[in-house]
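# Quick one, what's the 3D model for this:
(chains A, B and C)
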Amino acid sequence: MKKTVSLALLGTCLALSAASASAQTLRIGLAEDPDVLDPTLARSFVGRIVFSSLCDKLFDVDEKLNIVPQLATGHEWSADNKSLTLKIRTGVTFHDGEKLDAAAVKFNIDRHKNLPGSSRRGELAPVSSVDVVDAQTVRLNLSSPFSPLLAQLTDRAGMMVSPKAAQAAGDKFGTAPVCSGPFKFVERVAQDRIVLEKYAGYWNKAAVHFDKVTYTPIPDATVRLANLKSGQLDFIERVATNDMEKLQADKKFKTTRITEIGYQGITINIGKSDRAKNNPLGRDARVREAFELSLDRQGLAQVVMDNEATVGNQWVAPTNPYYAKNMPMPKRDIEKARALLKQAGVTNPSFTLMTPTTSDAQRMALVIQAMTRDAGFDVKIQSTEFATSLNLADKGDFDAYALAWSGRPDPDGNLYSFHACKQPLNYAGYCSAETDALINQSRTVRDPAQRKKLFEQIAAQVLKERPVIYLYHRNWLWAYNGKLSGVRQIPDGLLRVTGLKMAP
Amino acid sequence: MSTALSPSALASAPTPAARPGPWLAAWRRLRRRRAAMWGLGVVLMFTLMALLAPWLGLQDPIATSWGSIRKAPSAAHWFGTDEIGRDVFARVVWGTQASLLAGVVSVSISLLIGVPLGLLAGFVGGWVDMVIARITDAFLACPFLILAIALAAFLGPSLSNAMMAIGISAAPIFVRLTRGQVMQVKVEDYIEAARAVGNPPWRIALRHVLPNTLPPILVQATLAIASAVIAEASLSFLGLGQQPPAPSWGSMLNTAKNYVEQAPWMAIWPGASIFLLVLSFNILGDGLRDALDPRQR
Amino acid sequence: MFAFLLRRLASLLPTLILVSMLIFGLQQLLPGDPAKILAGEDQDPQVIAYLQAKLHLDEPLPVRYGYWVWGVLQGDLGESVRTQLPVLDLILQKLPVTLELAVLAFLVAVLIGIPAGVVSAVARGSAWDHGANLFALWGLSTPNFWLGILLIMLFSVQLGWLPASGYVSPFEDLAGNLAAMAMPAFVLGNAIAAVLMRHTRSAMLQVMSSDYVRTARAKGLSERAVVIKHALRNALTPIITLGALELGTLLSGAVLTEQVFTIPGFGKLIVDAVFNRDYAVVQGVVLFTATTYILLNLLADLAYFWVNPRLRR
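Residues are numbered from 1 along each chain as shown, chains lettered A, B, ... in the order given. Next up, the predicted model:
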């Protein structure tokens, strides 16, 4: 009798320990298939979600967008702001066992700058050279002060790959990346899955509670949700706005909403090509003001996004510390809009709104069409698939373009490429020497209070011309298994896998 | 070609020319089939809906109403409202135009291109056959949707261009089908007989071979209408077909799939309409096939 | 017979060349600059220039085509510019998936469609006929993605019987593989069953009123023998034509179905590549599926001869 009991006990203990030791996999559903998994070459938002498990970076951001250490434990700017000294964490190794030290950091920054086809060159443009001070200290020398640099290092530009593996693989590195994150690369089947497994030598392995992570791209939001509900996935990103209500009521799942650091706006061709002169909207700032005044932003957010968006009128959200309070959001005013149009001499302006084919964008265009009709606008919707729209935007062959931007932690990332003269994303064709000077200043100054003042001045200039009419900042909507805990709501929309725990 | 029935015509020597023409006789046979007439009736109803939509006193199909988003069917909105408050009933009626055109015009284009080429290839054989068959194979080897997307993207996004794209992409199937049928029919005994009697080849092809190859072509044509309507939906989903806010059943179904749980009526009505249209075309096609087949009495 | 076979095989190469030129040409027609779309969000001009050089976009069309053909002759189908994965690897990874789905869907279609068509023709005008017709047409007029979502809602979310999506290799887990393929194969096979059913019915009706069937009946053969041995065999021509066409189409991947059920096959690969202007992927995959398709057609043509001896002249 005693024997059987003790045997049973032993058996149960073994079974329990086996259960806790058995492989725990976190299954994540993505909205798209990532592009190349090489931090230097990667160009998509969704790739960054995979990178957050695969590749650690020098710095990270927290829920309030503060810059916190990850691979770099400390930083110091020189007095003239032209060099940044970083202290590298000790005891960090890459997935292939190589040490991560200052030499490795130098290798990576050089790679980001020099690899043919690198997408990080623009982000690190002011970095002219990198010095290895000692094994754990590295110094970045800048050609001119650049305050957004630290923010750049919280993204792919700050990701470190193993020099040995990178040199061995050459430009095929992206097919089998070797980084230093909590999980290492196992396999990738295009459009099917990306499988990562726990890296035993991770410097923060106490915070890692899963053995494997799989990323499955499922582009259709309804199907992605069905997978979560049927238990095939533990976590999904970009839940459809109209599905949130029912999900929130369901006790089996948890949901999260975070306001993005990007925005949804309408870019207007005010000088990119001659077409701007032929259209009243592009020609006359009063017509643009009338257009803005005929919009009900809150109504838009409600109808188009089921209220899963924060309305705004600038490139950063009203909750952002760098929001320019001197330029508040105007309320809808049809009377004033009509008056302005009368002043401008066009009572029924007509223009074409180039709209992406996603259902959100289509809905938004339709509502805008209806709203602005009250003031006399005749908006024609032109559904354009993405590749074609990029082409047309680049040539300036459009009147207005419904463009969204995924956002960057530093406001400069939402501003410079769009409103500085001749920058690649400046589809509006806005160009003002004054604004350029102010923007450049804001990039060299480090004091937040000073920068805020500069941003206020920039806002006053840019928003008066209205090359872009900012509408709202969408919410990142996540849904996940109710047993999953430790989900951090960071506004860049990327899931951090460290700290996540699944209750049995 | 057809002559009216009259006692004097009957009394004279019964040459083939005096009998009622084959088309009129076919129409009479068609009229006797109840199912086919029903099919014809439904098709006509849809056609009338498409033509008369502006005058039927419907609500504005593109008028958004933010207060009544995704409302269930009621007295005010017979089929409910969609995701931005538009009346689904009005959109279904107005959408008949786009869907009917997408179905019928695309297939007509396919037939106009495909059948003559297939007839030529199958009947003449030799080099002509080889060239046509190879080119057709090349087109068929490319996935249909890719062809359609490429063509539609090239021509520009609009309903008419989408119809062209779908029509051209679907034509090779008809070439192949016709060719196969022609190859089979041309070795039949009655063709031998017609040749022996001294008929010139073009006459054999058009009067003897072609009518006997029609049945599967008709069937495929009626089936193709269904896939054309759905292809239009895929294209408008990709921004290449009917431009918003103009409605088409297919694109309505596309949008509705995101709201299956919350607003099923958004999908039920366009889906049912597509089904009804396809069904009636197929029944009509059956009837036509029976009526045109000289052996079916 | 042999001569015919040899001639057809010899024409394989010119057809493939035609296909590759056709698809190459079509891609160039597509508006938009592939370098820009592949350059991602930031649109860095240096990246765009690099991609333009890499894709030889500054060179004339025939030269670009030449580069590609040269690569193919060496067994290199290029790589996806978006993910850097070699096209040949992508094809080999997805081939078994597409193949399995195509075969399963085709089986569903044949097992449902042809018997339904025969029954429908033989019991013409009865409830069977109408019922079969309605079912077939319902399958045909319901878009794949729509039916797919409904099935997922029912069988995965509500009942939990089948997985909502994904793919598992049959060598790893046969039961799981079949469970995952069940709904997509049904959705795909459904529409094709409709086509096969309609054509079978039509061909059978035509054949059943023909002279030789009347003769067979007059000879006293059982109805079953008449139907199967005489009528069906002669009705097979259009069925074979369409069967081969449909199977060929299936092998190019079922875009919408794959999207809804997240099956990693050719269909989704090609469509995404078209929209991302990832030319190498489209070229490589279409070349591959075209070859399969042409071979299938050859088989279909041979089948004509077997079915209808009079064509052997």
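
# Can you classify the residue of the stretch 401-504 of chain A found nearest chain B by secondary structure?
Nearest residue of the stretch 401-504 of chain A to chain B (C-beta to the nearest C-beta) works out as residue A:402 at 12.4 Å. Any C-beta I mention is one placed from the backbone N, CA and C, and that applies to glycine too. Under DSSP: H, G, I helix; E, B strand; the rest coil, residue A:402 falls in the strand class.

# Which positions are bridged to it in the beta structure?
In this entry, residue A:402 is beta-bridged to residue A:266, by DSSP bridges.

# list the contacts for it?
Residue A:402 is in contact with A:264-266, A:353-356, A:361, A:364-365, counting by C-beta atoms under 8 Å, 6 or more residues apart in numbering or on different chains.

# cool, and residue C:83?
Residue C:83 sits next to A:33-37, A:174, A:190 when contact means C-beta under 8 Å, 6+ apart.

# Once you drop chain neighbours, what's closest to it?
Closest residue to residue C:83 in three dimensions, ignoring its sequence neighbours and counting by C-beta to C-beta, 6 or more residues apart in numbering or on different chains: residue A:36, at 5.3 Å.

# Can you name the residues of the stretch 51-200 of chain C sitting close to chain B?
Counting by C-beta under 8 Å from any C-beta of the partner chain, the stretch 51-200 of chain C comes close to chain B at C:133-134, C:137-138, C:140-143, C:145-146, C:149-150, C:153, C:194-195, C:198-199.

# Assumed residue B:127 was part of a helix.
Yes - membership of residue B:127 in a helix is supported by three-state DSSP.

# my guess is residue C:297 meets residue C:242, correct?
No - here residue C:297 lies out of contact with residue C:242, judged by C-beta atoms under 8 Å, at a distance of 11.8 Å.

# the more surrounded of these two?
More neighbours surround residue C:242 than the other of residue C:297 and residue C:242, with 26 against 23 (other C-beta atoms under 10 Å in any protein chain shown).

# what's the helix or strand for that one?
Here residue C:242 is covered by helix C:233-251, with elements defined by DSSP states H and E.

# buried stuff in that helix?
Applying a neighbour-count criterion of 16 or more other C-beta atoms under 10 Å in any protein chain shown, the buried positions in helix C:233-251 are C:234-251.

# Can you name the next helix or strand after it?
That would be, after helix C:233-251 and using DSSP H and E, helix C:255-261.

# Now look at that next one and say if it contacts chain A.
Yes - Helix C:255-261 reaches chain A (C-beta under 8 Å from any C-beta) through C:259-261.

# Low-confidence stretches in chain A?
By pLDDT under 70, the low-scoring segments of chain A are A:1-23.

# Would you mind naming what in it lies close to chain B?
Residues of chain A lying near chain B (C-beta under 8 Å from any C-beta): A:221-222, A:240, A:242, A:246, A:299, A:302-303, A:356-357, A:359, A:362-363, A:365-367, A:369-370, A:381-385, A:388.

# Which stretches in the stretch 51-200 of chain C count as helices?
Per DSSP state H, counting those that start in this stretch, the stretch 51-200 of chain C carries helices over the ranges C:61-73, C:87-122, C:127-141, C:144-151, C:174-208.

# Reformat the ones you listed as JSON lines; add mean neighbour count and mean pLDDT.
Listed next are the helices of the stretch 51-200 of chain C as JSON lines, based on neighbours: other C-beta atoms under 10 Å in any protein chain shown; pLDDT from 0 to 100:
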{"stretch": "helix C:61-73", "mean neighbour count": "14", "mean pLDDT": "86"}
{"stretch": "helix C:87-122", "mean neighbour count": "21", "mean pLDDT": "88"}
{"stretch": "helix C:127-141", "mean neighbour count": "19", "mean pLDDT": "79"}
{"stretch": "helix C:144-151", "mean neighbour count": "22", "mean pLDDT": "79"}
{"stretch": "helix C:174-208", "mean neighbour count": "23", "mean pLDDT": "85"}
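
# Quick one: closest of those helices to residue B:289.
Smallest distance to residue B:289 across the helices of the stretch 51-200 of chain C (C-beta to C-beta): 6.3 Å, for helix C:174-208.

# Show the subsequent helix or strand relative to the closest one.
Next along the chain after helix C:174-208, taking DSSP H and E as the criterion, comes helix C:211-218.

# mind checking how far that next one is from the chain centre?
37 Å (C-alpha atoms, centre = their mean, to the nearest Å).

# What's the first helix or strand after that helix?
That would be, after helix C:211-218 and using DSSP H and E, helix C:223-225.

# Each with direction, which strands does the helix or strand hosting residue A:139 pair with?
Here residue A:139 sits within strand A:137-142, counting by DSSP H and E. Sheet pairing for strand A:137-142, assigned by DSSP bridges, gives strand A:83-88 (antiparallel), strand A:127-134 (antiparallel).

# Just name the most buried of those.
Mean neighbour count (mean count of other C-beta atoms under 10 Å in any protein chain shown) peaks for strand A:83-88 among the strands paired with strand A:137-142, with a mean of 20.

# do the following helix or strand past it and chain C meet at all?
Downstream of strand A:83-88, the next assigned helix or strand under DSSP H and E is helix A:102-114. No - figure legend: helix A:102-114 not in contact with chain C (C-beta under 8 Å from any C-beta); closest approach 10.8 Å.

# So what touches helix A:102-114?
A:39-40, A:58, A:71, A:86, A:88, A:94, A:98, A:118, A:120-121, A:123-124, A:127, A:130-138, A:140, A:157, A:159-163, A:166.

# Quick check on the residues you listed: which are buried?
So, by 16+ other C-beta under 10 Å, the buried ones in the contacts of helix A:102-114 are A:39-40, A:58, A:71, A:86, A:88, A:94, A:118, A:120-121, A:123-124, A:127, A:130, A:132, A:136-138, A:140, A:157, A:159-163, A:166.

# show me what contacts the residue of the stretch 51-200 of chain A found nearest chain B?
Nearest residue of the stretch 51-200 of chain A to chain B: residue A:191, at 16.2 Å (C-beta to the nearest C-beta). By C-beta under 8 Å, 6+ apart, residue A:191 lies in contact with A:33, A:217, C:264, C:268-269, C:272.

# I'd like those as JSON lines, with neighbour count and secondary structure appended.
Below are these laid out as JSON lines (neighbours: other C-beta atoms under 10 Å in any protein chain shown; DSSP: H, G, I helix; E, B strand; the rest coil):
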{"residue": "A:33", "neighbour count": "26", "secondary structure": "coil"}
{"residue": "A:217", "neighbour count": "22", "secondary structure": "strand"}
{"residue": "C:264", "neighbour count": "23", "secondary structure": "coil"}
{"residue": "C:268", "neighbour count": "26", "secondary structure": "helix"}
{"residue": "C:269", "neighbour count": "28", "secondary structure": "helix"}
{"residue": "C:272", "neighbour count": "22", "secondary structure": "helix"}
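
# And these, which is closest to residue B:78?
Residue B:78 lies nearest to residue C:268 out of the contacts of residue A:191, by C-beta to C-beta, at 37.9 Å.

# close enough to count as contact, the closest one and residue C:255?
Yes - counting by C-beta under 8 Å, residue C:268 does reach residue C:255; the two are 6.2 Å apart.

# For the closest residue to residue C:139 other than its chain neighbours, give me its contacts.
Spatial nearest neighbour of residue C:139, chain neighbours left out: residue C:190 (3.9 Å); criterion: C-beta to C-beta, 6+ apart. Residues near residue C:190 by C-beta under 8 Å, 6+ apart: C:108-109, C:112, C:139-140, C:147.

# remind me which residues of the stretch 101-250 of chain B are low pLDDT?
Residues of the stretch 101-250 of chain B meeting the criterion pLDDT under 70: B:237-239.

# So which residues of it form strands?
Remark: no strands are assigned in the stretch 101-250 of chain B by DSSP state E, counting those that start in this stretch.
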